[in-house]
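A.B. asks: What would the 3D arrangement of this be:
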Amino acid sequence: MGIFDFLRARPKNTATIAKERLRIIVAQERSARGSPDYLPLLRRELLEVIRKYVNVDQDAVDIKVEHEGEHDVLELTVTLPDKSQAPAAAGEV
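C.D. replies: Take a look at the predicted model:
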């Protein structure tokens, strides 16, 4: 082993190469998709909170992110069931 061996590029193993390629692909997909990564988690948590008060389906919550100039606008749409299907509040009879 010579003194200049540390300057030579060492061959990378295939797992490292595959991992780097996957990171690039994921980054491209995220940028092409245009929506933040936190939206699925946000949707799930909002649905849990809404279900505490109203019985709604999984598809009842729709979240969109729109770009308006320099700002991003989060649009939340919740489709509520008919009044006859909603559970009564704790104090109501």
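
A.B. asks: where exactly do the strands run in the chain?
C.D. replies: Assigned by DSSP state E, the strands in the chain fall at 61-68, 71-78.

A.B. asks: Out of those strands, which one sits most buried?
C.D. replies: Comparing the strands of the chain by mean neighbour count (mean count of other CB atoms under 10 Å), strand 61-68 comes out on top with a mean of 12. (Glycine included, C-beta is placed from N, CA and C.)

A.B. asks: In this protein, what residue spans correspond to helices?
C.D. replies: Applying DSSP state H to the chain gives helices spanning 14-33, 39-53.

A.B. asks: correct me, but residue 46 touches residue 61?
C.D. replies: Yes - under the criterion of CB atoms under 8 Å, residue 46 lies in contact with residue 61, with a separation of 5.7 Å.

A.B. asks: Give me the common contacts of these two.
C.D. replies: Counting by CB atoms under 8 Å, 6 or more residues apart in numbering, the contacts common to residue 46 and residue 61 are 76, 78.

A.B. asks: lowest-confidence stretch among the strands of the chain?
C.D. replies: Ranked by mean pLDDT, those end with strand 61-68 in last place, scoring a mean of 81.

A.B. asks: before we move on, the earlier item: I'd like the strands of the chain written out as JSON lines, with distance to residue 18 added.
C.D. replies: What follows is those, written out as JSON lines (distance: least, CB to CB, whole Å):
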{"stretch": "strand 61-68", "distance to residue 18": "31"}
{"stretch": "strand 71-78", "distance to residue 18": "33"}
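
A.B. asks: rank the helices of the chain by pLDDT, which is bottom?
C.D. replies: Mean pLDDT across those is lowest at helix 14-33; the value there is a mean of 76.

A.B. asks: between that helix and helix 39-53, what angle do the directions make?
C.D. replies: 60 degrees (axes from the mean of the first three to the mean of the last three CA atoms, to 10 degrees).

A.B. asks: doesn't residue 79 make contact with residue 60?
C.D. replies: Yes - with contact defined as CB under 8 Å, residue 60 reaches residue 79; the gap is 4.5 Å.
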